[in-house]
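>>> how would this look folded up:
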Amino acid sequence: MTHATLTSTLTIGLATWLMLHGLAQAPAAPQERITIRAARVFDGERLLRGQVVEIDAGRIVSVGPRTGPVTHDLGDVTVLPGLIDVHTHIDWHFGPDGRYGNRPGAPRATPEQRDAAIAANLKATLLAGFTTVQNLGNRSDAAIREAVAAGTLPGPRIVTSLGQLQPGQRTPDQLREAVRTLKTEGADVVKTFASGSIRTGGELSTTLDQLTAICSEARAQGLRAVVHAHDAASIITTVKAGCHQVEHGVFADDAAIAAMKAADVFFDPNIGLVLQNYIENRDKFIGVGGYTEEGFAFMERAIPTLGPIFRKALDAGVRMPLGTDAVAGAHGQNAREALARVAAGQRPIDTVISATALAAQSLGMGDRLGRIAPGYLADIIAVSGNPTEDITALQRITFVVAQGRVVPKS
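Numbering: from 1, shown residues only. Prediction:
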């Protein structure tokens, strides 16, 4: 939402504004008690058979064999925790002319058009089985997070950085103050940069002192810090600074992978969707910012290297939660990332874990999200097939429960 749109929501109330614009429904409390029977249940660690999952007031209360009637008998499917994408840009969308960004002479999206596009992205992502996303960069996420949590806007749970912290020429003290401001504003995580874009070569663009200030202050404020870093120097600097998670790493080498493993940081490599989506939608992006012929050439050359880099990190034992960096055109296709991981050599069951229990752990939510177990939040999906053996099952979503509410299929 734009700042002008947010101003209007504050005047009449967010839920009311959303409903007036056809983007939301009346607030919905979690259904009091739901029982789900399925042929298979993957609980975040292992595959169980013939189980019934019971949900009450938005939380899982029991998992086990049970006879008798249930509210949802799903048959020959696999039930698993709702999927988690640890890097999205849910607010990115194509404009009224079908293209991304503002171009001279092109029609500008109205606030209502922009909000409708974001609502569509949220819905597509949720129906694709992703019940939590970490959105890294949108200043207006607070209102979206609130509406989704209240049940007035269908979408995945939002974990947000409330913008991006560009180190630039700022001093360490200024950067520490910026982190404290993000905390006060309600950010869940800090998103910052150690390198430039892949479209300009992804070289180190900040100093160790700057990154150390950001990441140490984030820890002091009880926040995580995730860092955009493409080349080996930026990755190693990120690790030395004590940051929580490395994003992208398209030009990671053996030394960078070894550094991430030694520090036991999380690494979110984005190998299966974001660059492919840019190429597939080339005509909709080119001509804005770094989306130039040269920039696309960088991306095209990088795609064949992504699988091998992922495999090296996998063999080294680096912890890699699933993230896509989904932008305009990619929302709802998040499971392509999982397919690419398996194609690069990861076992299907480990890929599922990377999108559930491991992703929740990377978000600092492993004690309440990413598993099907008593006391955990009731984010649950069902798929046709068994994704622990056939990862393509993650593209066959048949049932979604988000925050204890059964999600309509359309």
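
>>> now A402. Nearest residue, chain neighbours left out?
Nearest non-adjacent residue to A402, counting by CB to CB, 6 or more residues apart in numbering: T131, 4.6 Å away. (C-beta placed from N, C-alpha, C; glycine too.)

>>> could you list the low-pLDDT ranges of the chain?
1-31 (pLDDT under 70).

>>> what about the helices in it?
Using DSSP state H, the helices of the chain run over 3-12, 14-20, 111-127, 141-150, 172-185, 208-220, 232-240, 254-263, 274-280, 282-285, 293-316, 336-343, 348-354, 357-362.

>>> can you redo the ones you listed as TSV with distance to T160 and mean neighbour count?
Shown next, in TSV, are those (distance: least, CB to CB, whole Å; neighbours: other CB atoms under 10 Å):
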stretch	distance to T160	mean neighbour count
helix 3-12	14	13
helix 14-20	15	18
helix 111-127	13	20
helix 141-150	4	20
helix 172-185	10	16
helix 208-220	14	20
helix 232-240	21	24
helix 254-263	24	18
helix 274-280	19	19
helix 282-285	24	16
helix 293-316	26	16
helix 336-343	20	22
helix 348-354	21	22
helix 357-362	15	24
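
>>> of all those helices, which lies closest to T78?
Comparing the helices of the chain by their distance to T78 (CB to CB), the top pick is helix 348-354, with 9.4 Å.

>>> distance between the ends of stretch 336-355?
For stretch 336-355, the first-to-last residue distance is 12 Å (CA to CA, to the nearest Å).

>>> what of stretch 168-177?
Using CA to CA, first and last residues of stretch 168-177 are 14 Å apart.

>>> re earlier: out of the helices of the chain, which is closest to R37?
Between those, helix 348-354 lies closest to R37; by CB to CB that is 20.5 Å.

>>> mind listing residues that contact the closest one?
42, 44-45, 47, 80, 320-322, 338, 341-342, 346, 387-391, 394 (CB atoms under 8 Å, 6 or more residues apart in numbering).

>>> hang on, P65 packs against V52?
Yes - judged on CB atoms under 8 Å, P65 makes contact with V52 at a distance of 7.0 Å.

>>> out of these two, which sits in the busier spot?
Higher neighbour count among P65 and V52: V52, with 20 against 10, using other CB atoms under 10 Å.

>>> run a quick neighbour tally on the closest residue to the more buried one other than its chain neighbours.
Distances taken as CB to CB, 6+ apart put R66 closest to V52, at 4.1 Å, once the chain neighbours are dropped. Per other CB under 10 Å, the neighbour tally for R66 reads 15.

>>> list the contacts for R66?
Applying CB under 8 Å, 6+ apart, we find R66 in contact with T35, R37, V52.

>>> in contact with the first one, which residues?
The reference is to T35. Here T35 is in contact with V52, V53, E54, I55, R66, V70, T71, H72 (criterion: CB under 8 Å, 6+ apart).

>>> now with 7 Å, please.
By CB atoms under 7 Å, 6 or more residues apart in numbering, the residues touching T35 are V52, E54, V70, T71, H72.

>>> so the second one makes contact with G68?
No - because the distance of 11.8 Å does not satisfy CB atoms under 7 Å, E54 is recorded as not touching G68.

>>> and the contacts of R66, which is closest to P304?
Looking across these and measuring by CB to CB, the closest to P304 is R37, at 44.4 Å.

>>> now for that closest one, how many residues are close by?
Look at R37: counted by other CB under 10 Å, it has 22 neighbours.

>>> so how far is T292 from F285?
10 Å (CB to CB, to the nearest Å).

>>> apologies, that question was intended for V226.
The value you get for V226 to T292, if CB to CB is used, is 27 Å.

>>> more neighbours: the two, which one.
Neighbour comparison, V226 and T292: the larger count goes to V226, with 27 against 15 (by other CB under 10 Å).

>>> contact partners for the more buried one?
Per CB under 7 Å, 6+ apart, neighbours of V226: L136, V189, K191, H244, Q245, E247.

>>> let's see 8 Å
Per CB under 8 Å, 6+ apart, neighbours of V226: 87, 134, 136, 161, 189-192, 243-247, 268.

>>> ok, now A343?
Here A343 is in contact with G307 (criterion: CB under 8 Å, 6+ apart).

>>> please apply the same query to K240.
Contacts of K240 by CB under 8 Å, 6+ apart are L208, L211, T212, A259.

>>> any idea how far the residue located most distally from the centre of the chain is from A142?
Within the chain, the residue lying farthest from the chain centre (CA atoms, centre = their mean) is G68, at 37.6 Å. G68 is 44 Å from A142, where distance means CB to CB.

>>> equivalent analysis for G155, please.
14 Å.

>>> can you check A241 too?
For A241, the distance to A142 - CB to CB - is 27 Å.

>>> please apply the same query to A378.
Applying CB to CB, the value for A378 to A142 is 24 Å.

>>> ditto for L48
38 Å.

>>> now V407
23 Å.

>>> go on, I271?
From I271 across to A142, the span is 31 Å (CB to CB).

>>> and if you look at G290?
Using CB to CB, G290 is found at 28 Å from A142.
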